[in-house]
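Chemist: have a look; sequence and predicted model below, questions after that.
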Amino acid sequence: MTPALLRGHETWVWLHTSPLFGITLTLAAYALGRWLHERTGSPLLQPVLVAIVVIVVLLRTTGVSYSDYLSGGSYVGFWLGPATVALALPLYREWHLVRRAALPILMGVLAGALVSISTAILVTKWAGGSHELQLTMAPKAATTPVSLALSTQIGGIPALTAALTIIAGITGAILGPWILDRLGVRDLRVRGIAMGSVSHGIGTARALQESRTEGAFSALCMGLTAVATSVLVPILILFL
């Protein structure tokens, strides 16, 4: 190996084991997703989905292990907590609308949680899925930390629950607005309740892109759905 190639190899080894690699790759992949979504307007090019695909492909083609990537990617993940707390700002600004819609919000969240949990368990059961898989599917409508905790508590597979939760969020962000448009749902409050109840943080981010009002209702329903799911999952699995 020539000195130039040797230096290049040493640089690459240092780079992909450095936290800088995971941070840069995550931000660049998401920025690419935002750019593609804005240029094309295609709902299929959801920024989070694009970022996931780009990161997986690059890790596979370069041979970088997930643990090496996570040494930097975890720093980006850390900011999910503060970002979630920051959702209180649009909620505060739209509180006058939220307060007047308290009953519809509670009814929407309750209905969304019941349908999500029930269909997850029953469809998996009817498709021949094991009892463990049914328990894994049940909490997918809650945010990832809550769904992970619930899956562990009730005997599911936490890692698979996390993946299903992310898939539910991405699917809701991609198809949710399209379905609501086709159903003629124009009320921003109703759209926000629907998005937050089924697609948690990723759907809420999409709702915020459309309207501050829709984002505020989605953020509130995301939190309430996590609470409702935590209460309802242990009860419904006894009957379903």
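Modeler: The structure has been received and is ready for your questions.
Chemist: please make it C-alpha for all contacts and neighbour counts, starting now.
Modeler: Fine.
Chemist: quick check: which ranges of this structure have low pLDDT?
Modeler: The model of the chain has pLDDT under 70 over residues 1-18, 73, 77-78, 240.
Chemist: one more pass at 80, please.
Modeler: Low-confidence segments of the chain (pLDDT under 80): 1-22, 41, 43-44, 64-88, 91, 238-240.
Chemist: what segments of it are strands?
Modeler: With strands called from DSSP state E, the chain shows none.
Chemist: domain parsing for this structure?
Modeler: 3-78, 86-239 (automatic domain parsing).
Chemist: okay, those, which one's buried deepest?
Modeler: domain 86-239 (a mean of 20; mean count of other C-alpha atoms under 10 Å).
Chemist: how far off centre is that one?
Modeler: 10 Å (C-alpha atoms, centre = their mean, to the nearest Å).
Chemist: what of stretch 27-34?
Modeler: 16 Å.
Chemist: list the buried residues of stretch 80-87.
Modeler: Leu87 (16 or more other C-alpha atoms under 10 Å).
Chemist: show me what that stretch is in contact with.
Modeler: Identification of contacts with stretch 80-87 by C-alpha atoms under 8 Å, 6 or more residues apart in numbering yields 201, 216, 219.
Chemist: could you check how far the first one is from Pro19?
Modeler: So that's Gly201. 25 Å (C-alpha to C-alpha, to the nearest Å).
Chemist: equivalent analysis for the second one, please.
Modeler: Spatial separation of Ala216 from Pro19 under the definition C-alpha to C-alpha is 34 Å.
Chemist: from the contacts of stretch 80-87, which single one is nearest Leu110?
Modeler: Ala219 (15.3 Å; C-alpha to C-alpha).
Chemist: now do that closest one against Pro47, distance only.
Modeler: Taken as C-alpha to C-alpha, the span from Ala219 to Pro47 is 19 Å.
Chemist: picking up where we left off before, redo the contacts of stretch 80-87 as CSV? Include distance to Lys125.
Modeler: As requested, the contacts of stretch 80-87 are exported to CSV (distance: C-alpha to C-alpha, whole Å):
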residue, distance to Lys125
Gly201, 27
Ala216, 35
Ala219, 31
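Chemist: which members of the residues you listed occur in helices, if any?
Modeler: With DSSP state H as the criterion, helices contain 201, 216, 219 from among the contacts of stretch 80-87.
Chemist: go through those residues and say which is closest to Ala138.
Modeler: Nearest to Ala138 among the ones in helices among the contacts of stretch 80-87, with distances taken as C-alpha to C-alpha, is Gly201, at 17.8 Å.
Chemist: hmm, that closest one is touching Gly169, no?
Modeler: Yes - Gly201 lies in contact with Gly169 (C-alpha atoms under 8 Å); the separation is 7.0 Å.
Chemist: from Met107, how far off is Ala168?
Modeler: From Ala168 across to Met107, the span is 21 Å (C-alpha to C-alpha).
Chemist: need the contact list for Leu135.
Modeler: Leu135 makes contact with 121, 151, 154-157, 237 under the criterion C-alpha under 8 Å, 6+ apart.
Chemist: check the residues you listed and tell me the two furthest apart.
Modeler: Farthest apart among these by C-alpha to C-alpha are Ile157 and Ile237. That separation is 15.2 Å.
Chemist: quick one on the thing from earlier: which of the contacts of Leu135 fall within helices?
Modeler: Checked against DSSP H, these include these in helices: 121, 151, 154, 237.
Chemist: dihedrals phi and psi, Leu44?
Modeler: phi -70, psi -20 (degrees, to the nearest 10).
Chemist: hang on, I meant Gly156
Modeler: Dihedral angles for Gly156 - degrees, to the nearest 10 - are phi -90, psi -160.
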